[in-house]
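Q: Show me how the following folds:
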Amino acid sequence: QVQLVESGGGLVQAGGSLRLSCAASGRTFSSYVLGWFRQAPGKEREFVASISWSGGSTSYADSVKGRFTISRDNAKNTVYLQMNSLKPEDTAYYSCAARRSTLMWESAPYWGQGTRVTVSS
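A: As a prediction, the model looks like this:
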């Protein structure tokens, strides 16, 4: 059974940092694009960041550029999201996802359950 399990969420003050992890099991994701998404209460899910299978290509939402960094360790089947200079508007549930490079995120077959991030002002 394929699973993506996020960890590292919590409560942090504005300006603080958190590091999220997403551990994959059940298959190897070394050839997959991995991404982070978030959904705040009452809002649509939005893209945060993604990273290519090699780690050589990354993409970020404008709202997190310069503050968040995505990375991956294929040997550990894990993707990370380092979040710095956090703002109250970053408060959301953060989920990771995995897809083949030929698919769009809407068709991504693997999604985690999410970890909650709360940023207090």
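Q: Would you map the strands across the protein?
A: 3-7, 10-13, 18-25, 33-39, 46-51, 58-60, 68-73, 78-83, 92-99, 110-111, 115-120 (DSSP state E).
Q: Let me have these in CSV, extended by mean pLDDT and mean neighbour count.
A: In short, each C-beta sits where N, CA and C put it, glycine included. Converted to CSV, the strands of the chain look like this (pLDDT from 0 to 100; neighbours: other Cβ atoms under 10 Å):
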stretch, mean pLDDT, mean neighbour count
strand 3-7, 95, 17
strand 10-13, 98, 13
strand 18-25, 95, 19
strand 33-39, 97, 23
strand 46-51, 97, 20
strand 58-60, 97, 16
strand 68-73, 96, 18
strand 78-83, 97, 23
strand 92-99, 96, 22
strand 110-111, 95, 16
strand 115-120, 98, 17
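Q: Now the residue nearest the centre of the chain: closest residue in space, sequence neighbours ignored.
A: By Cα atoms, centre = their mean, the chain has its centre lying nearest to Trp36, at 2.4 Å. In this structure, Trp36 finds its nearest non-sequential neighbour in Val48, 4.3 Å apart by Cβ to Cβ, 6 or more residues apart in numbering.
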